[in-house]
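K.L.:
Prediction below, plus the sequence it came from.
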Amino acid sequence: MPFEILCDNCGNSLYSGIDLKYASNILKLYNGRCKRCGEFLSYRDFVLEIEPLEK
Ligand SMILES: [Zn+2]
């Protein structure tokens, strides 16, 4: 099951992969900011979506 973390502000995909990651760990990689829109993100702002790969 693929796992994706999206910026709640611009919808940019901050992480996409098969391995389940903690959103807080992903945030550390980007210093808590979206690399696309620069919005500061907190764990609570994240919308986690887990969807089947095939459509
Ligand atoms: Zn963003």
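P.N.:
That came through, no problem.
K.L.:
Up against the ion, what does this structure have?
P.N.:
C7, N9, C10, N12, C34, R36, C37, E39 (CB under 5 Å from the ion). Heads up, the C-betas are built off the backbone N, CA and C, glycines and all.
K.L.:
Could I have the buried ones of these as ChimeraX selection syntax?
P.N.:
Of the residues of the chain next to the ion, the buried ones go into a single ChimeraX selection, burial set by 16 or more other CB atoms under 10 Å:
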select :7,34
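K.L.:
Could I get the phi/psi values of the closest residue to L20 other than its chain neighbours?
P.N.:
Nearest residue to L20, sequence neighbours excluded (CB to CB, 6 or more residues apart in numbering): F3, at 5.1 Å. For F3, the backbone dihedrals (degrees, to the nearest 10) come out as phi -130, psi 140.
K.L.:
Mind listing the residues bridging to F3?
P.N.:
F3 has these beta-bridge partners by DSSP bridges: G17.
K.L.:
Just name the shakiest helix or strand of the protein by mean pLDDT.
P.N.:
Ranked by mean pLDDT, DSSP states H and E, the helix or strand of the chain with the weakest confidence is strand 47-49, at a mean of 57.
K.L.:
pLDDT value on Y43, please?
P.N.:
Looking at Y43, its pLDDT stands at 61.
K.L.:
Can you classify K28 by secondary structure?
P.N.:
helix (DSSP: H, G, I helix; E, B strand; the rest coil).
K.L.:
Oops, could you answer that again for Y15 instead?
P.N.:
The three-state assignment at Y15 reads strand, by three-state DSSP.
K.L.:
From here on, call the first residue 548.
P.N.:
Okay, using 548 as the starting number, the last item reads as Y562.
K.L.:
can I assume it is in contact with E551?
P.N.:
Yes. The pair Y562 and E551 qualifies as a contact (CB atoms under 8 Å) at a distance of 6.8 Å.
K.L.:
what residue ranges in the protein are flagged as low confidence?
P.N.:
548, 568, 590-602 (pLDDT under 70).
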